[in-house]
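Visitor: the following comprises the amino acid sequence and a computationally predicted model.
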Amino acid sequence: MIYLRDQWQGSARELAATVGRGDLARAGRYYVTPDTSLEVRQALAEGLRPTCVTAAKEHGLWVPHEHGRHVYARRGPVGAAWVGHGWHHGWPESDAIASPRLLLEHAIGCLDPLDVGILADSALHLGKVSAEEIAALASAAPRRTARVLSRVSGLSQAGTESKVRLFLQLHNVTMTPQVKIAGVGWVDNLAGRRWIIECDSRAHHTGEDTYAKDRARDLRALELGYFTSRLTHHMIMGRWSKTSHTLLQVIRSGRHAEDPARYAL
């Protein structure tokens, strides 16, 4: 939580005691609770307003990858430690940190369209913005970003899933996220009719037991005529150029659009 002095209900002495106990800390004009991140505290202490991916982290959104510390300033340029989004005469919201709706607006002018899509998909999935708000953002966005935002559904459970799904949809592949296949179970994405794409949401493996179960599922899917691609977090977020090239090669082969029954064993 972040408070202005006039939002504090107690006396000045009680406020000082609360700060002394470490239950609140001073950050410029604001008083912040201990769960407020260090980068937000530093921004507020310098009279800056966290936005874009920095605000997204505070709202619990799935953030694509490290983009630096993004802020708006009251006047003039920001220092080298920050990624500036311009300056303003008056912050347009009552809260010190940009709302999900506002941070998405700022992200549109800053991030790659797919990264904007990841943020928007996460915000919609978590109920932080409405579909109408996403549509309004898309109507005002540049064409490349608008094409991504028009495909945001909020159905993906992780940014890695969002990135792959949105990329393939941009290439006219029918994508069904979080679909249950009889005999296999729930899968992250079904591309076309028979291409299962599973996406790791974290940078590290989840354990030997999960690894074994996943491979057993892949084998069962193959018996039913599906084929599976398992993409690691690094393949999607750290090596996307190579990964996206491979995905396009599969699309061009047309394998994903075929009837799985033709290939059932």
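Guide: It's in.
Visitor: and the closest residue to Gly225 other than its chain neighbours, what does it touch?
Guide: Nearest in space to Gly225, with sequence neighbours left out and distances taken as CB to CB, 6 or more residues apart in numbering, is Pro260 at 3.2 Å. The C-beta positions use only the backbone N, C-alpha and C, and glycine is treated the same way. Remark: with contacts taken as CB atoms under 8 Å, 6 or more residues apart in numbering, Pro260 is in contact with 193-194, 224-226.
Visitor: now Leu137
Guide: Contact analysis of Leu137 by CB under 8 Å, 6+ apart lists 101, 104-105, 108, 120, 149.
Visitor: nearest to Trp62, of the contacts of Pro260?
Guide: Compare each of the contacts of Pro260 with Trp62 using CB to CB and the shortest gap goes to Tyr226, at 26.6 Å.
Visitor: ok, and the closest non-adjacent residue to that closest one?
Guide: Closest residue in space to Tyr226, ignoring its immediate chain neighbours: Arg194 at 4.8 Å, by CB to CB, 6+ apart.
Visitor: and the one you found, how far from Ala216?
Guide: Distance from Arg194 to Ala216, counting by CB to CB, to the nearest Å: 19 Å.
Visitor: more neighbours: those two, which one.
Guide: With neighbours defined as other CB atoms under 10 Å, Arg194 and Ala216 compare such that Arg194 has more, 23 against 11.
Visitor: from what I see, the more buried one and Gly225 are in contact.
Guide: Yes: Arg194 sits in contact with Gly225 when judged by CB atoms under 8 Å, with a separation of 6.0 Å.
Visitor: identify the contacts common to the two.
Guide: Overlap of the contact sets of Arg194 and Gly225 (by CB under 8 Å, 6+ apart) consists of 259-260, 263.
Visitor: and those residues as TSV, adding secondary structure?
Guide: As requested, the shared contacts of Arg194 and Gly225 are exported to TSV (DSSP: H, G, I helix; E, B strand; the rest coil):
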residue	secondary structure
Asp259	coil
Pro260	helix
Tyr263	helix
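Visitor: ok, so of those residues, who is nearest Arg165?
Guide: Top of the list for closeness to Arg165, among these and by CB to CB, is Pro260 at 19.4 Å.
Visitor: mind pulling the model confidence for that closest one?
Guide: On the pLDDT scale, Pro260 is placed at 95.
Visitor: next one: Glu208
Guide: According to the predicted model, the pLDDT of Glu208 comes to 61.
Visitor: can you check Ala25 too?
Guide: 87.
Visitor: the residue lying closest to it once chain neighbours are set aside: how many residues sit nearby?
Guide: With sequence-adjacent residues excluded and distances taken as CB to CB, 6+ apart, Ala25 is closest to Val32, at 5.5 Å. Residue neighbour count, defined by other CB under 10 Å, stands at 20 for Val32.
Visitor: low-confidence ranges in the stretch 101-250 of the chain?
Guide: Judged against pLDDT under 70, the low-scoring parts of the stretch 101-250 of the chain cover residues 203-209.
Visitor: ok, which stretches of the stretch 51-200 of the chain are strands?
Guide: Using DSSP state E, counting those that start in this stretch, the strands of the stretch 51-200 of the chain run over residues 70-73, 83-87, 175-181, 185-191, 195-199.
Visitor: out of those strands, deepest packed?
Guide: Between the strands of the stretch 51-200 of the chain, strand 70-73 has the highest mean count of neighbours, a mean of 25, where neighbours are mean count of other CB atoms under 10 Å.
Visitor: not counting its own residues, what contacts that strand?
Guide: Counting by CB under 8 Å, 6+ apart, the neighbours of strand 70-73 from elsewhere in the structure are 43, 47-55, 78, 82-88, 91, 98, 106, 110.
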